[in-house]
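[1] what follows is a predicted protein model with its sequence.
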Amino acid sequence: MLPVPGEILVAPGQPVNALTVVGRAERPTRFRFIDVARRLGRPDIDLDEVLTVDVGDYVEANDVVASGRSSALSLRENSVKSPVAGYVMAIGPGGILLESEHTVTEIQAFVTGVVTRVIPEKGVIIETDGATIEAVCGFGGEAVGRLLRVVNSPFESMTPDDLNESASETILLGGRSIDEETLRRADEWHVHGIIVGSFPVSLLGLDPPVQVRVVATEGFGQIPMSPHTFGVLTSLSRREVSIRGQTPGLFGGKPAGPLQEPPIILAPSPLPSRGSYVGLPAAPKIEAPTAKVGSKVRVIQGQLLGASGQIDLIPPDAQATEAGIIAPGAFVKLGDGVHFIPWANLQLIE
């Protein structure tokens, strides 16, 4: 979906590939207020009497936007010129607001398929067949590329030595985890994305940031990838895959817009001939409405993996975890005390 209303560039029934641009929108990024009342020395000025422009007009730098006398007794007319080029976005009180700069945002199809529906000015729905793996967290946004496995086991972590020119413009399957040194080396090789079991929280705030998109199938920390997931992804080696690296609700509040959609891994058809796999759902998790105080739960990922206990309290707002992440969840009574655990890390015990 486009972040603001814009133009849809495809039509229903149109085939698209993952990199096809399907929508475009312009967003204002810089504004300039011209204080006409102050420039003319008339605090109670009626702008309708002096303005030479209207909302929507485009003006160049030094164009006259208003002209009038500084007082009723003045015989000389003064003019107000625009200091920059831009569009008149709004008028009043006392002046006009110019949009002096804007950026163009484009969205790509993300997957290869056929457009089945166009949502005017907002986005499209694309139908495709293939494998879908719902991940737990990630960062960087969306990426598309050929999947390349660089480790031999889901318990093995990527290292800088695993990377060379063959990794350029690919999505790497990296096993257990990744550290900053390896991530920056991948950035140097222009790797599009990386799929791992987990990654340390510290990678979320790198300065300077990297351009590599990262998706974790299990969570934060040093959790190995599920052998089943690793096997499915291995069967997709050298196929084009799409990944979305982001973590909804990371900083609290309600998800908003396309950038808050769940992290996923997609591989369009045809699928590999081995097996009959057509999709891999995430581990069963619970949401607040299905759980209540006293419910028995099991921790399915994170530092407390495998522990079980009872929900002691369900706070109405997102809370900070021990890892520094702010997320919705519950306080769970375990053997060593009460811990706040995100819903994404809990499974309801029936």
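    Cool, got the structure.
[2] which stretches of the stretch 101-250 of the chain form strands?
    For the stretch 101-250 of the chain, the strands defined by DSSP state E, counting those that start in this stretch occupy 113-119, 123-127, 130-134, 137-139, 141-149, 170-173, 193-199, 213-220, 240-245.
[3] least reliable of those strands going by mean pLDDT?
    Among the strands of the stretch 101-250 of the chain, strand 130-134 carries the lowest mean pLDDT, a mean of 79.
[4] just name whatever secondary elements it is in contact with.
    Here strand 130-134 touches helix 227-235, strand 264-268, going by 3 or more CB pairs under 8 Å, 6 or more residues apart in numbering; DSSP states H and E. Using the backbone N, CA and C atoms, a C-beta is placed for each residue, glycine as well.
[5] okay, the ones you listed in a markdown table with distance to residue 165 and mean pLDDT next?
    Shown next, in a markdown table, are the helices and strands packed on strand 130-134 (distance: least, CB to CB, whole Å; pLDDT from 0 to 100):
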| stretch | distance to residue 165 | mean pLDDT |
| --- | --- | --- |
| helix 227-235 | 22 | 89 |
| strand 264-268 | 24 | 79 |
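[6] out of these, which is the most enclosed?
    Compared across the helices and strands packed on strand 130-134, strand 264-268 shows the largest average neighbour count, a mean of 22 (mean count of other CB atoms under 10 Å).
[7] so where is the stretch 51-200 of the chain shaky, pLDDT-wise?
    71-75 (pLDDT under 70).
[8] what of the stretch 201-350 of the chain?
    Looking at the stretch 201-350 of the chain by pLDDT under 70, you get 248-262, 269-289, 302-303, 321-326.
[9] let me know how buried residue 211 is, in neighbour terms.
    By the criterion of other CB atoms under 10 Å, residue 211 has 13 neighbours.
[10] so who does the residue nearest to it when sequence neighbours are not counted touch?
    Distances taken as CB to CB, 6 or more residues apart in numbering place residue 187 nearest to residue 211, at 5.8 Å, with adjacent residues excluded. By CB atoms under 8 Å, 6 or more residues apart in numbering, the contact list for residue 187 reads 210, 211, 212.
[11] same question for residue 141.
    By CB under 8 Å, 6+ apart, the residues touching residue 141 are 213, 244, 245, 246, 259.
[12] filter the residues you listed down to the buried ones, ChimeraX style.
    Selection of buried members from the contacts of residue 141 for ChimeraX, criterion 16 or more other CB atoms under 10 Å:
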select :213,244,245,246
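[13] widest-spaced pair of the contacts of residue 141?
    Farthest pair in the contacts of residue 141 (CB to CB) is 213 and 259. Separation: 12.4 Å.
[14] so residue 341 makes contact with residue 327?
    No. Taking contacts as CB atoms under 8 Å, residue 341 lies outside contact range of residue 327: 9.3 Å.
[15] how close does the residue nearest to residue 6 when sequence neighbours are not counted get to residue 130?
    The shortest distance from residue 6 to any non-neighbouring residue, by CB to CB, 6+ apart, is to residue 25 (2.6 Å). According to CB to CB, to the nearest Å, residue 25 and residue 130 sit 28 Å apart.
[16] repeat for residue 51
    Residue 51 sits 57 Å away from residue 130, going by CB to CB.
[17] now residue 37, what's its secondary structure?
    When classified by DSSP: H, G, I helix; E, B strand; the rest coil, residue 37 comes out as helix.
[18] quick one: contacts for it?
    Counting by CB under 8 Å, 6+ apart, residue 37 makes contact with 43, 44, 45, 94, 95.
[19] need the max-distance pair from the residues you listed.
    The two members of these with the most space between them (CB to CB) are 44 and 95, at 13.2 Å.
[20] neighbour count winner among the two?
    Counted by other CB under 10 Å, residue 44 and residue 95 do not tie: residue 95 has more neighbours, with 21 against 6.
[21] residue 141 bridge partners, please.
    Beta-bridge partners for residue 141, by DSSP bridges, are residue 245.
[22] switch the strands of the stretch 101-250 of the chain over to CSV; also include distance to residue 156.
    Formatted as CSV, those follow (distance: least, CB to CB, whole Å):
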stretch, distance to residue 156
strand 113-119, 34
strand 123-127, 35
strand 130-134, 19
strand 137-139, 20
strand 141-149, 11
strand 170-173, 11
strand 193-199, 10
strand 213-220, 14
strand 240-245, 20
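[23] looking at those, which is nearest to residue 319?
    Of these, nearest to residue 319 by CB to CB is strand 213-220, at 15.4 Å.
[24] which residues touch that closest one?
    Among residues not part of strand 213-220, those counted as contacts by CB under 8 Å, 6+ apart are 133, 135-143, 178, 183, 192-201, 203, 224-226, 229, 243-245, 263-265, 301-302, 323, 325, 344-345.
[25] ok, back up a step: give me the more crowded residue out of residue 341 and residue 327.
    Per other CB under 10 Å, whichever of residue 341 and residue 327 has more neighbours is residue 341, with 27 against 22.
[26] that one and residue 331: what is the separation?
    As judged by CB to CB, residue 341 and residue 331 stand 8 Å apart.
[27] residue 130 now?
    Per CB to CB, residue 130 is found 39 Å from residue 331.
[28] so for those two, which residue has more residues nearby?
    In this view residue 130 and residue 331 are compared by other CB under 10 Å, and residue 130 has more residues nearby, 20 against 15.
[29] excluding its backbone neighbours, what's nearest that one?
    Leaving aside its sequence neighbours, residue 130 sits nearest to residue 268 (CB to CB, 6+ apart; 4.1 Å).
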